[in-house]
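Enquirer: Make a model of this:
(one chain, ligands or ions: 2)
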Amino acid sequence: MNKKQKKVLIRIIVSLALMISLQFVPFDLLPLEQSYINIIQLICYMVPYLIIGYDILKKAVKGIKNKQIFDENFLMAVATVGAILLGEYEEGVAVMLFYQIGELFQSYAVGKSRRNISELMDIRPDYANIEREGKTERVDPDIVEIGSVIVVKPGEKVPIDGVVIEGNSTLNTSALTGESIPREVSAEDEVISGCINLDGVIKIRTTKEFGESTASKILELVENASSRKSKSENFISKFARVYTPAVCYGALALAILPPLVRMLAMGLEPAWGIWVYRALTFLVISCPCALVISIPLSFFAGIGGAGKQGILIKGSNYLETLADTKYVVFDKTGTMTLGVFEVSGIHHSALENEELIEYAALVESYSTHPISKSLQKAYGKEIDQSRISQVEEISGEGVTALVDGKKVAAGNHRLMKRLGIAYQECHSAATIVHMAVDGMYMGHIVISDVIKPHAKEAIAALKKTGVHKNIMLTGDSDKVARQVAADLEIDEVRSELLPGDKVAAVEELLSQKGAKETLAFVGDGINDAPVLARADIGIAMGALGSDAAIEAADIVLMDDDPLKIAKAIKIARKCIRIVYENIYFAIGIKVICLVLGALGIANMWLAIFADVGVMVLAVINAIRALFVAKL
Ligand code: ADP
Ligand code: MG
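Expert: Ligands and ions are numbered 1, 2, ... in the order given. I've put the predicted structure just below:
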């Protein structure tokens with residue numbers, strides 16, 4: 001509980017104690033006239049009333065001044081002042097008291113779920129230890145330049161993305177990925193900011209600026225998440241805008257019309273007191289706090305719960321769309337496969353194998369494609385970038401560049417066709433990198449990728465959550481595509497697609513699906529960022545990799561685990577279900593109470609109990625969204 005909340009709690013206790021003590025004061029026995037007794041009683045009750053309600057009254061007055069009259073402060077102020085004017089002192093104080101208890105509970109609950117998120121977001125690095133002339137110096141991570149050497153000691157957070165140049169250690173990545181298994185790192189491993197160094201001292205050469213590093217990017221994302229409102233949230237704020245004035249006028253009518261009718265049409269006593277009291281009860285009941293608070297809180301909790309699992313959702317609107325997912329389209333490389341290719345053969349090589357690999361690694365040295373990284377790893381030596389110039393990467397085909405002054409090309413058969421080079425077909429069901437130097441075919445490198453450990457389970461889990469169809473799109477050869485699709489039991493596969501073809505394929509699928517069905521695309525952002533943006537929902541793998549993916553996607557899976565797709569859908573469904581439960585429950589109880597209040601069956605006590613009760617239940621229900629069901 002924070003200071004502000006503690007203060008409110010103290011006010012509640014003091015006011016409640018005073019109110020209870022007043023019950024034991026024998027006002028009737030005072031040797032005074034009744035009107036004096038009333039005044040003394042009023043003054044006595046004003047003390048607990050003002051202790052508990054002064055801020056609400058202040059806010060209500062401020063609202064009137066700012067011409068934003070109809071809010072819950074106004075409702076509470078009118079209802080309680082009205083009750084006191086009618087001589088119902090206890091009720092006036094009690095309504096204020098319960099209202100404040102409800103507010104306190106609510107702010108506590110919101111604070112708690114915010115803390116949950118910031119716990120997850122405990123990745124903001126505060127400083128970096130930079131190494132200068134053999135000494136380390138603690139600096140603001142913002143000023144560390146790319147290529148600087150930073151030292152991370154045990155217990156510290158990695159402040160900036162980079163590559164380990166010295167030392168071994170284990171990193172705790174759980175704040176980023178939700179994965180509890182620590183990751184071993186040693187020289188040449190890439191590390192991302194936000195991880196916590198557990199044991200050894202490591203030196204890191206930074207590869208990004210602080211602002212471009214993973215931790216900063218993620219924080220930026222999450223901070224912006226709540227500004228994207230979902231349909232239900234918009235509905236609630238519109239609803240409140242119409243609803244509150246409507247009930248205020250309703251209450252006014254209830255206070256005035258029946259007495260007038262009684263008096264003028266029926267010739268009876270007007271009974272103003274009864275009807276004004278009913279109108280005030282009506283006002284207390286009508287306060288829409290439960291809805292106004294519980295809906296955003298549910299979404300907030302849903303996003304927080306997902307975050308704890310390493311699933312970053314960029315806004316509550318995506319939870320709504322995600323819940324209706326019926327088609328899931330996958331990219332292959334890096335999404336369903338690890339994207340770590342092993343060289344499994346070299347065929348028809350006109351050069352020494354090592355030389356061919358060297359050319360391949362050099363020509364690929366500027367590419368971020370998983371194939372390129374794998375070839376550089378196969379080469380294994382430091383690359384002298386000055387040997388390479390005029391690099392050109394053709395999406396979905398390969399790369400060409402000048403290496404040592406020779407024109408080298410590495411890519412698939414499409415690239416060879418484009419360059420007019422005769423190539424040898426390969427019969428293995430693997431990915432082929434054809435190589436050409438100065439227009440001469442030099443043979444091909446056969447590389448194969450590994451399916452991700454959870455990929456098959458992920459497809460099965462999606463089917464179980466009610467996804468109609470899983471579709472895989474790939475730029476790779478038909479043979480490889482079919483093999484992977486068969487292994488994973490994917491329903492449909494389309495291969496040899498250029499990045500533009502992937503967009504077209506998704507557009508075609510989008511036009512076929514029903515209006516309420518959602519299509520999700522899952523990719524790694526390499527050669528598929530446009531598709532991520534085009535789908536109803538873009539889910540990016542590889543927060544540990546491509547920035548383009550994080551930018552273009554609506555949802556980011558921090559640890560590249562495809563099993564998290566089904567989990568994300570489950571979280572979204574649970575969250576939306578809770579939102580609807582709360583909407584129906586709160587509106588239902590409100591309507592019943594309003595009718596009872598108007599008929600004079602419900603008094604103000606019942607009204608305030610109903611209001612606070614509904615709110616507490618709705619908030620507790622909302623908090624459930626934080627806890628994610630097991631798959
Ligand atoms: P996927 O759909 O499997 O993610 P991409 O669209 O990224 O595939 O690439 C499709 C194909 O294009 C690859 O299978 C490969 O044959 C070729 N390719 C793309 N980039 C490169 C590269 N940098 N080096 C060699 N081949 C490449
Ligand atoms: Mg890809």
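Enquirer: so how far is the first residue of stretch 430-441 from its last?
Expert: Length of stretch 430-441, first residue to last, Cα to Cα, to the nearest Å: 19 Å.
Enquirer: Would that stretch count as contacting ligand 1?
Expert: Yes. Using Cβ under 6 Å from any ligand atom, a contact is recorded between stretch 430-441 and ligand 1, made by 431, 433. The way it works is simple: take the backbone N, C-alpha and C, and place the C-beta from them, glycine included.
Enquirer: So what touches that stretch?
Expert: For stretch 430-441, the surrounding residues in contact (Cβ atoms under 8 Å, 6 or more residues apart in numbering) are 341, 344-345, 348, 350-351, 356, 359-360, 371, 375, 398, 406-413, 415-416, 419, 421-424, 426, 442-449, 476-477, 480.
Enquirer: Among those residues, which are located in strands?
Expert: Secondary structure assignment by DSSP state E places 344-345, 398, 406-411, 442-448 of the contacts of stretch 430-441 in strands.
Enquirer: what's the burial count for the residue of the stretch 51-200 of the chain found nearest ligand 2?
Expert: Evaluated by Cβ to the ion, the stretch 51-200 of the chain has residue 190 as its residue closest to ligand 2, separated by 18.6 Å. Here the count is done by other Cβ atoms under 10 Å, and residue 190 has 14 residues near it.
Enquirer: So it is in contact with residue 158, correct?
Expert: No. Counting by Cβ atoms under 8 Å, residue 190 does not reach residue 158; the two are 10.7 Å apart.
Enquirer: where do the contact lists of the two overlap?
Expert: Counting by Cβ under 8 Å, 6+ apart, no residue touches both residue 190 and residue 158.
Enquirer: if we can go back for a sec, near ligand 1, list only the ones from the contacts of stretch 430-441.
Expert: Among those, the residues within reach of ligand 1 (Cβ under 6 Å from any ligand atom) are 371, 398, 410-412, 476.
Enquirer: that older thread, emit the PyMOL select command for whichever of the contacts of stretch 430-441 are buried.
Expert: Paste this into PyMOL to select the buried members of the contacts of stretch 430-441, with burial taken from 16 or more other Cβ atoms under 10 Å:
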select buried, resi 341+356+359+360+371+375+398+407+408+409+410+411+412+413+415+416+419+421+423+426+442+443+444+445+446+447+448+449+476+477+480
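Enquirer: Residues of the stretch 501-631 of the chain that sit close to ligand 1?
Expert: Within the stretch 501-631 of the chain, the residues that sit near ligand 1 (Cβ under 6 Å from any ligand atom) are 526-527.
Enquirer: Could you check which residue of the stretch 501-631 of the chain lies nearest ligand 1?
Expert: Closest contact between the stretch 501-631 of the chain and ligand 1, by Cβ to the nearest ligand atom, is at residue 527 (3.7 Å).
Enquirer: quick one, phi/psi of that residue?
Expert: Residue 527 adopts backbone torsions of phi 60, psi 10, taken as degrees, to the nearest 10.
Enquirer: Stretch 256-264: which residues count as buried?
Expert: Neighbour counts using 16+ other Cβ under 10 Å place 258-259, 262 of stretch 256-264 among the buried residues.
Enquirer: any residues touching that stretch, and which ones?
Expert: The contact list for stretch 256-264, computed with Cβ under 8 Å, 6+ apart, reads 268-272, 275.
Enquirer: now the helices: where do they sit in the stretch 401-550 of the chain?
Expert: Counting by DSSP state H, counting those that start in this stretch, the segments of the stretch 401-550 of the chain that form helices are 413-419, 455-464, 478-488, 499-512, 529-534, 547-552.
Enquirer: residue at max distance from the center of the chain?
Expert: Within the chain, residue 31 marks the point farthest from the mean C-alpha position, 66.3 Å out by Cα atoms, centre = their mean.
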